[in-house]
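S.K.: Got a predicted model here, sequence first, then my questions.
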Amino acid sequence: MKRVNPRTGEPEWFRLDNAAKIYPAVIGGEFTAVFRISATLKDEIIYSALANAIKKVAARFPYFNVTLSHGFFWYYLEKTSVMPRLYADSNEICTAFPIGSKKEVMYRIMVRQKTLSLEFVHILTDGGGALEFMKTLLWQYLTNCGKINTPPVGIIDPDSNPDPEEYEDSFSRYFNRKIPSTENPKPALHIPFNLKNKPRFSAMTAETDAASVNAKAKSYGISVTEYLVAVYLYTLQEIFHKMPEKKRRGIIRVQVPVNLRNHFKSRTMRNFSLFVVPEVDLRLGKFTFRDICETVSHMVRLETHPLRISRIIKRNVGSEKNIIVRLMPVFIKRVILSLAYHTFGSGLFTGVLTNMGRIDFPHETGNHVDAFSITPPPANPKVKISCGVASYADKMRITFGSVAQEKVLEKEFFRFLTNEGLEVRLLS
C-alpha cells in the first residue's frame, strides 16, 4: 500500500486479500460471488433516514468504497469517491456487479418494506465483515429515526476513525512458511440435478425456533452448526441412494466457512474465513443420522484447531508468494486460477452451509429488529445448491440458494427437521 491520502493518512489502494484473489478469475455468468445479508425490522423503513445513514456509515468504512483495477501482475482495490446506491429491492438477488467499473462500488443496499438487505462481492469481505457494517448501519438508521438515543455499544462507532487493522490482510499476518501445508482430497459427489433456465438463481427460506434447534443439537452432543451440517449430509445420502448407479461418486462433502476472527486475534473487515469440509464416505455403506453427527463433530473440531487452520493458511498464502506466480502477468494468472478453482475447488465438495450463528445487538437497538437471514452466493453449475443460516432472538432462518430445477434437497432437508419434531415455516 504505497499511495496514501495526505489528509487522512489512509491508503488509496489495497492488495486483494488471499481469499479474494480467486474471484476475478472465476466470476462470470451467474457465478457472481455475491452474498446477501438481510435484516427485517419491526416497522416500515424510512428511505430518507436510511439514505442519510448510508452517507455517514459508508464514509466510516472507506475500504469498502473501492473499485477493482489491475496492473500487469495483480488485481487491486482502488479507493473511489463513488458511494453505494440505495435500491428498491426486487426479485433478482445476488446479481453480478460490473466488475472493473469505476461507476459503482462492489456492494449495494436495498429496501423492501421492513427489510433492509446488503449485497457484497466476496472480493471485498466475508459474512463477518458485512455483518459489522450492517450493525453500524442499523444503529445509525435507528438513531436518525429517533428510535434510540444510546451510544453504540458492541458495534463500530460511525463517528470513530478506521483502525489500520480493519483493512489488513490477516491471512498474510498469520502465514507461517515453516509449517507443512495440507494435501488435496479426492473429488466429491455432485448431484445430477438439471439446471434451470436463465436467470437461474432463486432462494427458498424457512423459519424455525432457534432455541428448539439448539436443544435438538444438544441432545446429540453437538453444536448447532454441526447438527445442521449433519442434516445436510444425511439428506445428500438419501438422494445418493436414489441416484442411478453409474452417476454415484461415493464421497459427499459439505463446505463450512469458519470465521477465523474467532480463532485468531484480528479486527480485519476484509475476508478472514476458511472452510472446513466434513465428509461421509458412502462407499463404506449407509450411515445412521447419529453416525453422521459424530463424524461431523469430530471433523469440525479437529479441522478448526488453530494449528490445523495454520496449515490451510500456509497452503493458500504460500502459493501466492511463489516467485514464479508473482511474476506471471495477470492474464495468465486468471487462466490458471480459473482452472485450479474448477479442478481443485468446486470439484471437492457437494454442498455449502454457512451459519452466521446467533446475531446479537445492544438491547435498545435489538428491540427494533425482528429477524436476520443470509443468502449465500449462487453456487457454480457443479454444486448447484448452497445454504445460509442466521439466528436472531428466537428465530432461525435457513435459506437455500439454487440454480437447479429440482427442489428435492431443500424439501428433504426441511422434512427431516419436521420429522425431528421441529416446527418449520416456509417463508418464500
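M.R.: The structure has been received and is ready for your questions. Model, not experiment: these values are computed from the prediction.
S.K.: Residue 334: what's it in contact with?
M.R.: Contact partners of residue 334, counting by C-beta atoms under 8 Å, 6 or more residues apart in numbering, are 24, 25. C-beta coordinates here come from the backbone N, C-alpha and C atoms, glycine included.
S.K.: Could you do residue 140 as well?
M.R.: For residue 140, the contact set (C-beta under 8 Å, 6+ apart) comprises 53, 56, 57, 158.
S.K.: next one: residue 303
M.R.: Shown in contact with residue 303 (C-beta under 8 Å, 6+ apart): 276, 277, 309.
S.K.: Nearest to residue 141 among the contacts of residue 140?
M.R.: Comparing the contacts of residue 140 against residue 141 with C-beta to C-beta places residue 53 closest, at 4.2 Å.
S.K.: what about residue 176, how many residues close to it?
M.R.: 12 (other C-beta atoms under 10 Å).
S.K.: So that it lines up with my notes, have the first residue be 475 from now on.
M.R.: Renumbered: residue one is now 475, and that last one reads residue 650.
S.K.: in stretch 564-581, what counts as buried?
M.R.: 567, 568, 571, 573, 578, 579, 580, 581 (16 or more other C-beta atoms under 10 Å).
S.K.: What mean pLDDT does it get?
M.R.: Computed over stretch 564-581, the mean pLDDT rounds to 87.
S.K.: Need the distance between the two termini of it.
M.R.: One end of stretch 564-581 sits 16 Å from the other (C-alpha to C-alpha, to the nearest Å).
S.K.: Excluding sequence neighbours, find me the nearest residue to the spatially most central residue of the chain.
M.R.: Geometric centre of the chain, nearest residue: residue 601, 4.6 Å, by C-alpha atoms, centre = their mean. Ranked by C-beta to C-beta, 6 or more residues apart in numbering and with sequence neighbours excluded, the top spatial neighbour of residue 601 is residue 830, at 5.7 Å.
S.K.: Any idea how far the helix or strand where residue 608 lies is from the middle of the chain?
M.R.: Per DSSP states H and E, residue 608 falls inside helix 601-618. How far helix 601-618 lies from its chain's middle: 17 Å, per C-alpha atoms, centre = their mean, to the nearest Å.
S.K.: So which other helices or strands are in contact with whichever helix or strand comes after it?
M.R.: Sequence-wise, the next helix or strand downstream of helix 601-618 (DSSP H and E) is helix 644-647. Applying 3 or more C-beta pairs under 8 Å, 6 or more residues apart in numbering; DSSP states H and E, one finds that helix 644-647 contacts helix 780-795.
S.K.: Keeping just the C-alphas, turn the helix it packs on into CSV.
M.R.: In CSV, the C-alpha atoms belonging to helix 780-795 read as follows (Å, rounded to 0.1, in the frame of the first residue of the first chain):
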residue,chain,number,x,y,z
PRO,A,780,-5.6,-23.2,15.2
LEU,A,781,-2.6,-25.3,14.3
ARG,A,782,-4.5,-27.2,11.6
ILE,A,783,-6.0,-23.9,10.3
SER,A,784,-2.5,-22.6,10.1
ARG,A,785,-1.7,-25.4,7.6
ILE,A,786,-4.5,-24.2,5.3
ILE,A,787,-3.3,-20.6,5.5
LYS,A,788,0.2,-21.9,4.7
ARG,A,789,-1.1,-23.7,1.6
ASN,A,790,-3.2,-20.8,0.3
VAL,A,791,-0.9,-17.9,1.1
GLY,A,792,2.3,-19.8,0.2
SER,A,793,1.2,-20.3,-3.4
GLU,A,794,0.8,-16.6,-4.0
LYS,A,795,4.2,-15.9,-2.5
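S.K.: buried residues in that helix?
M.R.: 783, 784, 785, 786, 787, 788, 790, 791, 792, 794.
S.K.: now the second one: how far from residue 825?
M.R.: Computed as C-beta to C-beta, to the nearest Å, the residue 784 to residue 825 distance reads 26 Å.
S.K.: Report the buried residues of stretch 543-551.
M.R.: Under 16+ other C-beta under 10 Å, the buried positions of stretch 543-551 are 544, 548, 549, 550, 551.
S.K.: what comes into contact with it?
M.R.: Residues from elsewhere that reach stretch 543-551, judged by C-beta under 8 Å, 6+ apart: 487-490, 495, 498, 537, 540-542, 552, 574, 597-598, 800-804, 807.
S.K.: pLDDT of that stretch, averaged?
M.R.: 83.
S.K.: Ok, stretch 873-888 next?
M.R.: On average, stretch 873-888 scores 95.
S.K.: hmm, who's touching it?
M.R.: 504, 567-568, 665, 667-670, 674-680, 705-706, 709-710, 712-713, 825, 847-853, 855, 858-863, 872, 898, 900.
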